[in-house]
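1. here is a sequence together with a model predicted from it:
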Amino acid sequence: MSRCEDAVWASLYDPLALAAPCRDRCLMASSYDRRGGNHDWSNYLRVEGNEAVLMDADGPGVIVRIWTADPQHGLLRIYLDDAREPTIVAPFDRLFEQLPLSFGIGGESPENYARSAAEGLAMGRTSYCPIPFRQRCRITIEPEDDYLYYQVNWRRLPPDSRVETFVPKAAPSPHAAAAAELWSRWDQGADLDAFRTEEQTLELAAGETRTFFSADGAGAIRRLTVQMPAQADPRVAQHLAENLWLIGSFDDDETRDPSVRAPIGPFFLDYGHARKARSFLLGDRGDGVWYCRFAMPHTQRARFQLVNRSIVPTGPIVIGIAHEAWDAPRPELFRFRATWHEETPFGPDHRDYGGAACRILNLDGRDNYEFLNVRGAGRFVGCGFHVDLRDAPTDRAAGEGDEMFFIDDDPSLTLYGTGAEDYVNDAWGIRGYSGPLSGDDLEGEWGRDPRFFGYRLHLSDSAPFYRKGRFTLEHGTGNNCSGRYRSVAYWYMDPASMRTRIEERRWEEIRNGVRPPTSPIT
């Protein structure tokens with residue numbers, strides 16, 4: 001197995017692998033509407049004979065995710081390198097049975113709707129099995145399906161990467177076996193790591209700030225757990241979850257720009273919805289204990305605080321920290337960041353969903369809701385978001401908002417998806433499920449009082465950026481819908497690219513006449 005494939009597999013089971021810098025580019029082939037509208041199915045690159053081409057990419061690279069809403073039709077072929085015959089060939093609805101790390105149902109039917117509701121399963125069909133290639137990857141379907149939603153995420157590797165092309169049914173590597181074992185343990189509800197956790201109990205009065213962890217030297221926080229006190233009134237519990245803030249600072253963070261700053265509930269993917277998230281790295285353990293397994297490395301110091309911005313005392317909070325001290329710093333590792341964002345974007349709220357709403361065009365993403373907008377070098381590794389449409393004039397197209405990622409300055413590197421439910425590996429609306437890398441939930445009723453939640457962890461399909469990254473979601477098709485949007489973005493950043501350092505460098509250059517005052521911050 002090649003070094004590149006090792007790194008992809010490692011990111012699926014070792015959280016610390018996400019902090020390592022890389023030279024990859026993330027890209028996606030999808031059925032998005034090339035005009036920027038909402039006709040986001042069966043848009044192929046071209047047709048060759050009887051085969052429609054979904055993806056045609058030059059290597060070296062590796063496919064890291066395949067998703068579809070409806071794999072019930074057609075014969076899928078994956079051609080790798082210069083092979084005249086496909087390396088993988090299967091009826092599309094059977095492909096995912098051949099690939100490990102696959103989940104979901106796939107296919108719109110009354111039977112699948114009933115199964116999804118009864119078992120809490122995603123309606124989308126998804127595989128995270130890495131498929132590396134050295135020279136080229138071409139994916140086709142025959143016959144051409146005129147109603148196919150699809151996404152294929154892949155990573156373009158540096159030209160000097162050592163890659164071994166995917167071989168079906170090859171003996172699994174130790175990395176692949178470790179990832180499969182983790183997936184199995186997650187499915188069984190077992191503890192995913194064995195780090196020793198130190199627990200403490202503290203209470204905060206309204207308006208109080210308390211430091212609950214501080215360490216000098218090099219190391220990494222490997223697990224964080226929080227158990228909030230039971231509350232007789234669920235409104236008080238929700239008030240605390242939204243107004244008790246988690247603040248984390250590493251190394252030379254500025255006081256007003258900590259690495260972690262978010263309300264404690266949303267940080268752990270809890271926005272008050274009924275179906276609690278339980279992912280590989282974040283969520284609710286099932287007994288009311290929130291957990292985070294993102295690795296948080298530091299070279300000089302680390303500190304965590306709770307800030308009670310609520311109007312009530314917290315009661316006793318049980319906090320657990322698993323901290324790993326290192327003999328020597330690892331300055332090459334990026335720093336973990338968690339960024340809270342909230343907006344109430346405006347949209348025209350067209351009621352004729354089948355007419356004007358679907359014809360609004362959006363290719364530049366200018367008015368999209370932003371999970372994260374940052375300059376510097378880093379890696380986007382996931383987000384959780386909540387959309388409240390109870391006060392919106394209409395909501396029919398809210399779930400149709402596409403994810404749009406703008407990375408550095410090359411428009412060809414933009415990832416353009418096919419809808420919010422597709423982004424979280426669901427399909428045909430927000431069905432309600434919790435998976436290892438994604439999930440969603442819906443409360444209320446469409447057309448009356450809907451609120452929906454979603455999360456997606458980008459592990460093997462993380463999105464590195466080198467100068468700047470903008471990660472967004474349309475608020476409805478063509479930004480048609482109004483509402484209240486809240487989110488936490490999880491990402492890693494090169495400490496040399498910290499915002500305050502970039503701003504200080506720019507002002508120093510302006511002071512010395514190196515650049516004009518009107519130049520952008522770069």
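-> Happy to help now that I have it.

2. for the rest of this, base every contact and every neighbour count on C-alpha atoms.
-> Will do.

3. which stretches in the stretch 201-350 of the chain count as helices?
-> For the stretch 201-350 of the chain, the helices defined by DSSP state H, counting those that start in this stretch cover 234-243, 264-267.

4. can you check the stretch 1-150 of the chain too?
-> Under DSSP H, counting those that start in this stretch, the stretch 1-150 of the chain gives helices at 3-11, 92-98, 110-119.

5. just checking, what packs against the last one?
-> Put plainly, it is helix 110-119. With contacts defined as 3 or more C-alpha pairs under 8 Å, 6 or more residues apart in numbering; DSSP states H and E, helix 110-119 has no helix or strand neighbours.

6. out of the helices of the stretch 1-150 of the chain, nearest to Cys22?
-> helix 3-11 (9.6 Å; C-alpha to C-alpha).

7. now that closest one: average pLDDT?
-> Mean pLDDT, helix 3-11: 76.

8. same deal with stretch 50-66?
-> pLDDT averaged over stretch 50-66 gives 94.

9. show me what counts as buried in that stretch.
-> Neighbour counts over stretch 50-66 (16 or more other C-alpha atoms under 10 Å) mark 51-57, 59-66 as buried.

10. same check on stretch 80-99?
-> For stretch 80-99, by 16+ other C-alpha under 10 Å, it's Leu80, Asp81, Pro86, Ile88, Val89, Ala90, Pro91, Phe92, Asp93, Leu95, Phe96, Leu99.

11. can I get the residues you listed in JSON lines including pLDDT and distance to Thr339?
-> What follows is the buried residues of stretch 80-99, written out as JSON lines (pLDDT from 0 to 100; distance: C-alpha to C-alpha, whole Å):
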{"residue": "Leu80", "pLDDT": "96", "distance to Thr339": "39"}
{"residue": "Asp81", "pLDDT": "94", "distance to Thr339": "40"}
{"residue": "Pro86", "pLDDT": "94", "distance to Thr339": "43"}
{"residue": "Ile88", "pLDDT": "94", "distance to Thr339": "40"}
{"residue": "Val89", "pLDDT": "95", "distance to Thr339": "42"}
{"residue": "Ala90", "pLDDT": "94", "distance to Thr339": "42"}
{"residue": "Pro91", "pLDDT": "94", "distance to Thr339": "42"}
{"residue": "Phe92", "pLDDT": "93", "distance to Thr339": "38"}
{"residue": "Asp93", "pLDDT": "89", "distance to Thr339": "38"}
{"residue": "Leu95", "pLDDT": "93", "distance to Thr339": "37"}
{"residue": "Phe96", "pLDDT": "93", "distance to Thr339": "34"}
{"residue": "Leu99", "pLDDT": "90", "distance to Thr339": "34"}
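
12. pull the most distant pair out of the residues you listed.
-> Counting by C-alpha to C-alpha, the most remote pair of the buried residues of stretch 80-99 is Asp81 and Asp93, 24.3 Å apart.

13. pipe the buried residues of stretch 80-99 into a markdown table and attach distance to Leu415 per row.
-> Converted to a markdown table, these look like this (distance: C-alpha to C-alpha, whole Å):
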| residue | distance to Leu415 |
| --- | --- |
| Leu80 | 22 |
| Asp81 | 23 |
| Pro86 | 26 |
| Ile88 | 25 |
| Val89 | 26 |
| Ala90 | 27 |
| Pro91 | 27 |
| Phe92 | 23 |
| Asp93 | 25 |
| Leu95 | 24 |
| Phe96 | 23 |
| Leu99 | 24 |
